[in-house]
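# okay, structure incoming, though there's no sequence with it:
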């Protein structure tokens, strides 16, 4: 799933919104645990970030495995958090988050894992690994989303949403003014989310 045609100017730009609502009392039952709001569950980010909607699925489609986000970005700040959500969009427009992943841009350096890590991108995040963004300069962020096994029903769509804040964050740094992030998608800077479709 990508932002569209990969021409030299292809990019999607959004300003980070820190006003990301938590699940509310009118959310459906699957957002609750024993009557308590499931605060570990991600919420769709309708008003924040940017969205990439796939085609209507002609048949039930199983996704089992670990999606990988491989994004090229620029930002107007020296750091930014990126949250990527794989979502299921029903024919009536209802959106359900299937899985998600996150990475702070300054922790983007990849390292060799000290143990078997299924070939997934691994970020050691030692002090010497931290690398600030250079505003306006392209940087590559590669990270995995949580493992999932999910069947997208015929007539539904897959959607990738990308935001710069999430209600579950702790000690969230809020910059003033909020940074602007660009998701690049050109031959030199191709952004993708690999989705493990079965069959």
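Structure received. Keep in mind that what you see is a predicted model, and the values were worked out from it rather than measured. Numbering: from 1, shown residues only.
# C-alpha only now, for contacts and for neighbours.
Will do.
# beta partners of the spatially most central residue of the chain?
What sits nearest the mean C-alpha location of the chain, by Cα atoms, centre = their mean, is residue 84, with 0.5 Å. On the basis of DSSP bridges, residue 84 is bridged to residue 101, residue 162.
# ok, it - contacts?
69, 100-102, 145, 160-163 (Cα atoms under 8 Å, 6 or more residues apart in numbering).
# and of these, the nearest to residue 115?
Nearest to residue 115 among the contacts of residue 84: residue 145, at 19.0 Å, using Cα to Cα.
# so the closest one is in contact with residue 65, correct?
No. Residue 145 lies out of contact with residue 65 (Cα atoms under 8 Å); the separation is 9.5 Å.
# compare these two (neighbour count), which wins?
When neighbours are counted by other Cα atoms under 10 Å, residue 145 and residue 65 differ, and residue 145 comes out ahead with 21 against 16.
# wait, what's in contact with the residue nearest to that one when sequence neighbours are not counted?
Nearest residue to residue 145 in three dimensions, chain neighbours excluded: residue 101, at 4.0 Å (Cα to Cα, 6 or more residues apart in numbering). Residues in contact with residue 101 (Cα under 8 Å, 6+ apart) are 83-85, 143-146.
# try 7 Å this time
When contacts are counted by Cα atoms under 7 Å, 6 or more residues apart in numbering, residue 101 touches 83-85, 144-146.
# could I get the residues you listed as CSV with pLDDT?
What follows is the contacts of residue 101, written out as CSV (pLDDT from 0 to 100):
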residue, pLDDT
83, 94
84, 96
85, 94
144, 97
145, 97
146, 95
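# closest to residue 54 among those?
The nearest member of those to residue 54, counting by Cα to Cα, is residue 85 at 13.4 Å.
# re the thing from before, tabulate the contacts of residue 84 (JSON lines), appending distance to residue 76.
Output for the contacts of residue 84, formatted as JSON lines (distance: Cα to Cα, whole Å):
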{"residue": "69", "distance to residue 76": "21"}
{"residue": "100", "distance to residue 76": "24"}
{"residue": "101", "distance to residue 76": "22"}
{"residue": "102", "distance to residue 76": "19"}
{"residue": "145", "distance to residue 76": "25"}
{"residue": "160", "distance to residue 76": "23"}
{"residue": "161", "distance to residue 76": "20"}
{"residue": "162", "distance to residue 76": "17"}
{"residue": "163", "distance to residue 76": "15"}
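# just flag the most distant two among those residues.
Counting by Cα to Cα, the most remote pair of those is 145 and 163, 14.1 Å apart.
# show me the shaky parts of this structure.
Along the chain, the parts satisfying pLDDT under 70 run over 1-10, 23-41, 43-45.
# phi, psi for the closest residue to residue 104 other than its chain neighbours please.
Leaving aside its chain neighbours, residue 104 sits nearest to residue 81 (4.2 Å; criterion: Cα to Cα, 6+ apart). Per-residue torsions, residue 81: phi -100, psi 140 (degrees, to the nearest 10).
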